[in-house]
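> build me a model from this:
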Amino acid sequence: MSDGLVERRRQVDEVMQKNLPLGVKLVRTLRGHMDTIGRIAWSPDGRMLASPSMDKEIRLRDVETGECLTTLHGHSDSVFCVEFHPAGSIIASGSFDRTIKLWELASGKLIRTLCGHQGSVFSVTFDPAGRMLASGSNDKTIKLWDQANGKELSTLRGHQGSVYKVAIDAKGHILASGSLDHTVRLWELTRCMLLRSLEDHMGMVSSVAFDPISRMLASCHDKTIKLWDQANDKQLRTLEGHTETVSDVSFCPDGRFMASQGVGGDGTIRLWKTDTGICVATISE
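Model prediction:
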């Protein structure tokens, strides 16, 4: 790397740090991917970060030092999503090559490849017990897999558009899916059946997330984030502030705060208090 590039990157980080809101600090910038980065994931202990990329690689990094511990190769097309097993020993990745791959973290070796989707895989998630993996795809379906042997357990059908995000509640009973068809659908995992649909969004639902104790469900698109009471599907509040599409939402471990990402001309990450819906910080990308 040239001295000029190093200096330029240092200057960029300095400018970003100066523009951060009070109480927010830039810890470090992780570089190395050669193309767009997809949905990143934290390890259960918070010590490792996994980043999937359109460069077909997955990078695993030490959060404390920023060091790239290993790079996983094997997908034949862009990698869009990753998720750690609850035990932290395995990572799953979903790709535009229509496959899901399971990797052993200790060695970086590929354990198995799950095939069955007829379109790109946009989201993967484990149930809290780590026995099952769910995946959402461009083929409009959600598939449930046995994590131990890779066997397909069930296919959930009903969405009329691509499934962009799947999430499982903390009890492992309910799966939520967000889709291009403007709906959030809730599924009972025990019987693999549709419970109900939430249809208050005006555009594709790009992300869904349960809070850590499954009191609330968050969903987003159309410049807003909606918070729902999981017990009765009542809409608690709509969070407004983003000026363009909201691409993703995520709760902090205790559920008191939530982060959202706006894309396009918005280009911000916003932090919200979940009990009041107040935006407490806006971070420019």
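> identify the residues contacting stretch 272-285?
Residues outside stretch 272-285 that contact it (C-beta atoms under 8 Å, 6 or more residues apart in numbering): 16, 19-21, 23-24, 211, 216, 225, 227, 237-239, 241, 251, 255-260, 267-271. Every residue, glycine included, has its C-beta placed from N, CA and C.
> for the helix or strand harbouring Cys81, enumerate the helices and strands it packs against.
Taking DSSP states H and E as the definition, Cys81 sits inside strand 79-84. Secondary-structure packing of strand 79-84 (3 or more C-beta pairs under 8 Å, 6 or more residues apart in numbering; DSSP states H and E): strand 41-42, strand 48-52, strand 90-95, strand 121-126.
> try it again with 10 Å
strand 41-42, strand 48-52, strand 58-62, strand 90-95, strand 99-104, strand 121-126, strand 132-137, strand 163-168 (3 or more C-beta pairs under 10 Å, 6 or more residues apart in numbering; DSSP states H and E).
> now do that strand: distance to the chain's middle.
From the chain centre to the centre of strand 79-84 is a distance of 8 Å (C-alpha atoms, centre = their mean, to the nearest Å).
> could you check the angle that strand makes with strand 99-104?
If you take axes from the mean of the first three to the mean of the last three C-alpha atoms, to 10 degrees, strand 79-84 sits at 40 degrees to strand 99-104.
> quick one: buried residues of strand 79-84?
By neighbour count with 16 or more other C-beta atoms under 10 Å, strand 79-84 contains the buried residues Val79, Phe80, Cys81, Val82, Glu83, Phe84.
> Cys115: which of the residues you listed is nearest?
Nearest to Cys115 out of the buried residues of strand 79-84 is Val79 (C-beta to C-beta; 15.6 Å).
> nearest spatial neighbour of the closest one, skipping sequence neighbours?
Among residues not flanking Val79 along the chain, Pro52 sits closest, at 3.8 Å (C-beta to C-beta, 6 or more residues apart in numbering).
> just Gly130 next, same as before
Pro86 (4.4 Å).
> list the contacts of the one you found.
Pro44, Phe126, Asp127, Pro128, Ala129, Gly130, Arg131 (C-beta atoms under 10 Å, 6 or more residues apart in numbering).
> does it belong to a helix, a strand or coil?
Using DSSP: H, G, I helix; E, B strand; the rest coil, the structure places Pro86 in coil.
> need the pLDDT of it.
Confidence at Pro86, expressed as pLDDT, is 96.
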